[in-house]
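*Asks:* Build me a model from this:
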Amino acid sequence: MANSANSISSLFTQYEATLANGSEINSDWVDCSTVDKFVFTGDASASGMTATIDSKATESGVVTTTTVTYTDSTLYQVSLACRQRYMRFKWTNNTGSQVTDASLEIKLTFGSSDKGTTIPLNHTISDTTQSVVNQTVLKARDVNGDYTNVSVSTSGELSTTNIPYNVRVGNGDVSNATVWNKFGYNLDVDSGGEELIASFGGTINIMTSGDTLDVVSSSAEDGAGTSTGVLSVLITGISDTNTAQTEIVTMNGTTPVTTSNSWLGINRVVALSVGSNGSAVGTITIDDTSNAVGVQAEIPIGANVTQQCVFHTPITNNLLTEWLIINARKLSGAGGSPRVTIKGYSYSRVTSVTYEVFRLDIDTSVENTVQLTPPVPFVIGGREVLYFTAETNTNNTTVNCRFSGILIDNT
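*Replies:* Below you'll find the model as predicted:
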């Protein structure tokens, strides 16, 4: 694209036949709100001149300064982006003696008047980066506020979604989001009522006031002094102020170990270190210290992680659930093919009310596995508890469940 006469504007020009050491040519402050880029040209009879470029966001704002000393007598910088709205340019004699024929010229450019500008492929794009041709690789800001490569669809449209958002979150490329995969099972759902899809079954026990937790095993072999079972665990969940929290607890077998922190809910407990057995020798149970509510989590015998379809959303977060798979079947006893009803609930810590938000009937004589990938994520807000239950018409029904979502931090 060729330059046009009205696309380059001369902002400032000054010539000094002589310029004493320590003296400068100063353009003073310029409003660059309608300017794309500028061209800085400085000249003098001797090397060692200093170019100073100041900028500030507002007329009374903080000044940001870039100062570079050049050993050559001429400086020509073309197509530099205006960092902030107000810019000031200086050409200073720091050579140690008087120079002659000193001059400073600043030109402003608009649109594509300076032709295409290229930057390296490894350049980090920011809010102040001007529009560029990036050596055939284009970057733009996507709907999540992140800069990513732009791809061309089969219909010729530009898109920033060449890498799926959930993949970028899973790779750790999105600063305010993490992927959560929740999984659990209930190996013995009997007829007569709903049971929580968790290894310990029964009904959900939701803590409504903060308390410490007790961690204990049914086997003395799960302890730091045994070198056999689980030696320590990592607890992840929410604190008594509804914020995300983690804590490491060293096991002591059948003797309960009390956490240092107060909690409202557990999202996961994992074995952090294990002995020769490689997994839990007994059933590791985590419940509230006051025993006013009951079991909050459990690592089953032979496992290293909790199995429960329960998620406590921190106060400043939203959980965007986007995938669910459920499997139901009968593994033992008589009774044929069970009919199973899966329900999802949201308990609000704001209203202290439980809401049914999902229901699915499975006739295992027809199918026993259902997978759902809704086009729009199901949003679980901060201070909500999402959990799933199963109800069957046949004893000894086994139900397995897994759901995934992206936890967004809105702080």
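
*Asks:* quick one: low-confidence ranges for the stretch 251-400 of the chain?
*Replies:* For the stretch 251-400 of the chain, residues meeting the criterion pLDDT under 70 lie at 332-335.

*Asks:* how about the strands of it, start to end?
*Replies:* Listed in chain order, the strands of the stretch 251-400 of the chain (DSSP state E, counting those that start in this stretch) span 257-258, 263-274, 284-288, 295-299, 310-312, 317-330, 339-348, 353-363, 369-372, 378-380, 384-392, 397-409.

*Asks:* what's near enough to touch the residue sitting furthest away from the middle of the chain?
*Replies:* Largest separation from the mean C-alpha position in the chain: residue 17, at 58.4 Å (C-alpha atoms, centre = their mean). Contacts for residue 17 (C-beta atoms under 8 Å, 6 or more residues apart in numbering) come out as 100-101. Any C-beta I mention is one placed from the backbone N, CA and C, and that applies to glycine too.

*Asks:* Make JSON lines out of the strands of the stretch 251-400 of the chain and add mean neighbour count and distance to residue 164.
*Replies:* Below are those laid out as JSON lines (neighbours: other C-beta atoms under 10 Å; distance: least, C-beta to C-beta, whole Å):
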{"stretch": "strand 257-258", "mean neighbour count": "16", "distance to residue 164": "42"}
{"stretch": "strand 263-274", "mean neighbour count": "21", "distance to residue 164": "24"}
{"stretch": "strand 284-288", "mean neighbour count": "23", "distance to residue 164": "35"}
{"stretch": "strand 295-299", "mean neighbour count": "25", "distance to residue 164": "31"}
{"stretch": "strand 310-312", "mean neighbour count": "25", "distance to residue 164": "22"}
{"stretch": "strand 317-330", "mean neighbour count": "20", "distance to residue 164": "11"}
{"stretch": "strand 339-348", "mean neighbour count": "19", "distance to residue 164": "25"}
{"stretch": "strand 353-363", "mean neighbour count": "13", "distance to residue 164": "24"}
{"stretch": "strand 369-372", "mean neighbour count": "13", "distance to residue 164": "18"}
{"stretch": "strand 378-380", "mean neighbour count": "18", "distance to residue 164": "18"}
{"stretch": "strand 384-392", "mean neighbour count": "24", "distance to residue 164": "23"}
{"stretch": "strand 397-409", "mean neighbour count": "21", "distance to residue 164": "11"}
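
*Asks:* Make CSV out of those strands and add distance to residue 83.
*Replies:* Shown next, in CSV, are the strands of the stretch 251-400 of the chain (distance: least, C-beta to C-beta, whole Å):
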stretch, distance to residue 83
strand 257-258, 55
strand 263-274, 43
strand 284-288, 53
strand 295-299, 52
strand 310-312, 44
strand 317-330, 35
strand 339-348, 47
strand 353-363, 49
strand 369-372, 49
strand 378-380, 38
strand 384-392, 43
strand 397-409, 29
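
*Asks:* Select, out of those, the one closest to residue 29.
*Replies:* For the strands of the stretch 251-400 of the chain, distance to residue 29 was read as C-beta to C-beta. The smallest value, 39.3 Å, belongs to strand 397-409.

*Asks:* List the strands paired with the closest one, with their directions.
*Replies:* If you go by DSSP bridges, strand 397-409 pairs up with strand 177-189 (antiparallel), strand 317-330 (antiparallel).

*Asks:* Turn these into TSV, including distance to residue 383.
*Replies:* Conversion of these to TSV gives the following (distance: least, C-beta to C-beta, whole Å):
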stretch	distance to residue 383
strand 177-189	16
strand 317-330	9
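
*Asks:* And those: which comes nearest residue 208?
*Replies:* Between residue 208 and those, the tightest spacing by C-beta to C-beta is seen for strand 317-330, at 19.4 Å.

*Asks:* who wins for proximity to residue 86 among the strands of the stretch 251-400 of the chain?
*Replies:* Checking the strands of the stretch 251-400 of the chain against residue 86 by C-beta to C-beta gives strand 397-409 as the closest, at 34.4 Å.

*Asks:* wait, isn't residue 269 in contact with residue 299?
*Replies:* Yes. Using C-beta atoms under 8 Å, residue 269 is in contact with residue 299, at 6.0 Å.

*Asks:* coming back round to it: of all the strands of the stretch 251-400 of the chain, which one comes closest to residue 203?
*Replies:* Residue 203 sits nearest to strand 384-392 of all the strands of the stretch 251-400 of the chain, at 8.2 Å, using C-beta to C-beta.

*Asks:* in its sheet, what does that closest one sit against?
*Replies:* In the sheet, strand 384-392 lines up against strand 195-196 (antiparallel), strand 310-312 (antiparallel), strand 339-348 (antiparallel) (DSSP bridges).
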